[in-house]
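Asks: starting from these lines, generate the structure:
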Amino acid sequence: MESVDKVAFQSLPRKRGRPPKEPKIVVGQSNLVQKPSSLEFRPSSGPSVSSFDVQILNINSKASEAAMENGNAKSSNGEGSPMNEVETNNRMTTEVIPKRRGRPPKHALGYGKASAIGHVQVAPSAGIAKKEPKKKDVREELSTERTVARRAIRNCKSHQKQPSLTGTPGSGTPLPLQTDATEEVARDIPFIDAVVKVFCVHTEPNFSLPWQRKRQFSSNSSGFLISGRRVLTNAHSVEHHTQVKVKKRGSDTKFLATVLAMGTECDIALLTVSNDEFWEGVTPVEFGPLPSLQDAVTVVGYPIGGDTISVTSGVVSRIEVTSYVHGATELLGVQIDAAINVGNSGGPAFNGKGKCVGIAFQSIKHEDVENIGYVIPTPVIAHFINDYERTGDYTGFPILGIEWQKMENPDLRKALGMAADQKGVRVRRVEPTAPAAQHIKLSDILLSFDGIDIANDGTVPFRHGERIGFSYLVSQKYTGENARIRILRGAKIWEFDVDLATHKRLVPAHIKGKPPSYYIIAGIVFSAVSVPYLRSEYGKDYDYDAPVKLLDKLLHAMAQTEDEQLVVISQVLVADINIGYEDIVNTQVMAFNGVHVKNLKHLAHMVETCKEVFLRFDLEYEQIVVLETEKAKAATLDILTTHCIPSAVSDDLKS
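Replies: Predicted coordinates for the structure are as follows:
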């Protein structure tokens, strides 16, 4: 099948005192564009290195090659031209005029259409003159070639305006657009019709001013239809959504969608559309197995750069446990070299059989890397869908609740009592809130998980010739399930059945759509720290710009109880009552009147019920804030009125 894409190249002659103009590219409409399968380069057979002529030929056009040898040209409309033989409807010819007298080479670029399937050959021109053409002749040739190119462009436009015309190549009759070819392709790849465009209006909370929200904004992303009248997309595509709409390929109607579940850890969201018209004539996408290395994949979606559907292809480059940026977790991921751009998020990745093998969700943009994109593989997608079907909601991916150390050093293994044939990892920390804390202790050697032995580097067998981190085994479980672990403690082997639960972070990565919590007394604003809060305060580079104390808590601190929070003084709304405290910003509150602060609700309750004369807040770095109780509570109402704040306490703290 030939491409209907038409490209014309034109280069004007250099004028005195003016810089040379870049080649002008005119691109026509295209329904299907395919890359040539291969390129063949052969050196020029011209009289010198600086005098050569490059022609891109279509090997399917034998008549064009014969015409090149004869040196007589005819355009697609039948008019003659003294330039090299160029049949504009069959190939694209690039001619470089011989370089002379130190000037840069001038380009005379022909017009035509390259074959979408087959071989593109770069060969020396058969019409190279042995003598350098005179300056006058070159200008005449350039003028003639530009005239032919302009005529061909007009023909191209007339083809687009008259799709009903019929004709044959070389007959002088305009050719129609290849609508039949497009319909044939659509029939060959019906899964493309299941890919939809997702329109979302977001209204994010303002974590710096938690009593209000930011200005709403819109975004476009991709999604696809699955069984059960449901749509899959990325969680970050519909995060903090106010309204979600979807549109099918080839349709002019947007349908309202409802968010059924959002998986923040796996960055997947499940939608549905109640309108029956939306589901007419559609075929849901079917899921395929986990791909292998070098398997071909095709990413389909609606990325930036256009409004219509886009298809990019590549191969599977790597399969391993990957960091999910949106969820701040590590799950199984597939790395591909197909282009994943803004707007591709939520779009499916298909294998050669038309089965979905993943969801595009993130890529690496850096000057040192090229074409590194990631898709969420089918095991993670299946876990998300099954979790929703089992519980009616998303419960998350469980964790074992430990931090471990590799045991690759032989002296370390010997010191901890490991035999020569034993392998495993050393437990260096245990989450106090994890159920495994009842069984696992510091310096235990974890030997196996659910009967699968763990190597000294923390990996387990995955597939033939592949190994993967043992956290993959944990992520395959569901919240509330248990697993059998085998540990080495004091040269003795122990086995336990441990329950698995989701990760309780001291600094959560998401607030899961809830508005941020806050409490205000005497103009002092107290907030709970989260990753969105840090991003709001310090920008995208919060992990570099935030205070070291907060970053240390983010990266290394563990919650001691289920409801523990990191409470800080976010800011001070200046008033007479708080003179001298204006510069306190994002400083952790350690205690109130000698009582350790567990969370923001605990602090608000202690302040509201305080009967003492003074309110004393103990902060980090041995700072203290002291206010007279009655004056502080009396001044709060006036400060709220001044700053148009509806309440001194967020709704979640009132109950």
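Asks: excluding chain neighbours, what is closest to K631?
Replies: I577 (6.1 Å; C-beta to C-beta, 6 or more residues apart in numbering). The C-beta positions use only the backbone N, C-alpha and C, and glycine is treated the same way.
Asks: kindly apply the preceding question to M606 instead.
Replies: Take M606 and drop its neighbours on the chain: the residue closest to it by C-beta to C-beta, 6+ apart is F592, 5.1 Å away.
Asks: who's in contact with that neighbour?
Replies: Contacts for F592 (C-beta atoms under 8 Å, 6 or more residues apart in numbering) come out as L603, M606, V607, L615, R616, F617, D618.
Asks: quickly list what it is bridged to.
Replies: On the basis of DSSP bridges, F592 is bridged to V595, F617.
Asks: re earlier: between the contacts of F592, which is nearest D387?
Replies: Taking C-beta to C-beta as the measure, D387 lies nearest L603 of the contacts of F592, at 34.4 Å.
Asks: on that earlier part again, how much space separates the residue nearest to M606 from F614?
Replies: As judged by C-beta to C-beta, to the nearest Å, F592 and F614 stand 11 Å apart.
Asks: pretty sure F255 contacts D276?
Replies: No: if you go by C-beta atoms under 8 Å, F255 and D276 don't touch, sitting 10.2 Å apart.
Asks: output the contacts of F592 as CSV; include the columns pLDDT and neighbour count.
Replies: Compiled in CSV, those are given as follows (pLDDT from 0 to 100; neighbours: other C-beta atoms under 10 Å):
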residue, pLDDT, neighbour count
L603, 97, 23
M606, 96, 16
V607, 96, 21
L615, 96, 21
R616, 97, 14
F617, 97, 25
D618, 97, 18
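Asks: which of those sit farthest apart?
Replies: Using C-beta to C-beta, those span at most 13.4 Å, a distance reached by V607 and D618.
Asks: not counting its neighbours along the chain, what's nearest F255?
Replies: F278 (4.5 Å).
Asks: list the contacts for the one you found?
Replies: Taking C-beta under 8 Å, 6+ apart, one finds V246, K248, F255 in contact with F278.
Asks: from these, which would you call buried?
Replies: Among those, those buried by neighbour count (16 or more other C-beta atoms under 10 Å) are V246, K248, F255.
Asks: pull the number of nearby residues for A339.
Replies: Counted by other C-beta atoms under 10 Å, the residues lying close to A339 total 16.
Asks: hang on, it in a strand?
Replies: No: applying DSSP: H, G, I helix; E, B strand; the rest coil, one finds A339 to be coil, outside a strand.
Asks: nearest residue to it in space, please, no chain neighbours.
Replies: Using C-beta to C-beta, 6+ apart, the nearest residue to A339 is T312, at 4.5 Å.
Asks: wait, that neighbour sits on G343?
Replies: No: T312 lies out of contact with G343 (C-beta under 8 Å); the separation is 11.8 Å.
Asks: average pLDDT for whatever helix or strand Q335 lives in, rounded please.
Replies: Q335 is part of strand 329-336, with elements assigned from DSSP states H and E. Mean pLDDT, strand 329-336: 94.
Asks: with just CA atoms, put it into CSV.
Replies: Backbone C-alpha positions of strand 329-336 (Å, rounded to 0.1, in the frame of the first residue of the first chain) are rendered in CSV as follows:
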residue,chain,number,x,y,z
THR,A,329,6.2,3.2,44.5
GLU,A,330,8.2,0.5,42.8
LEU,A,331,6.2,-2.0,40.7
LEU,A,332,6.8,-4.1,37.6
GLY,A,333,7.4,-1.9,34.5
VAL,A,334,8.2,-2.3,30.8
GLN,A,335,10.7,0.0,29.1
ILE,A,336,10.2,0.6,25.4
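Asks: in the next helix or strand after that strand, what counts as buried?
Replies: Later in the chain than strand 329-336, the nearest helix or strand by DSSP H and E is strand 348-350. By 16+ other C-beta under 10 Å, the buried positions in strand 348-350 come out as P348, A349, F350.
Asks: ok, back up a step: just give the number of residues close to the residue nearest to A339.
Replies: Using other C-beta under 10 Å, T312 has 22 other residues around it.
Asks: state the distance from it to K441.
Replies: 50 Å.
Asks: next one: A634
Replies: Note on A634: its distance to K441, by C-beta to C-beta, is 53 Å.
Asks: how about the strands in the stretch 451-600 of the chain?
Replies: 452-453, 459-461, 467-469, 482-489, 492-499, 518-521, 524-528, 567-572, 587-592, 595-596 (DSSP state E, counting those that start in this stretch).
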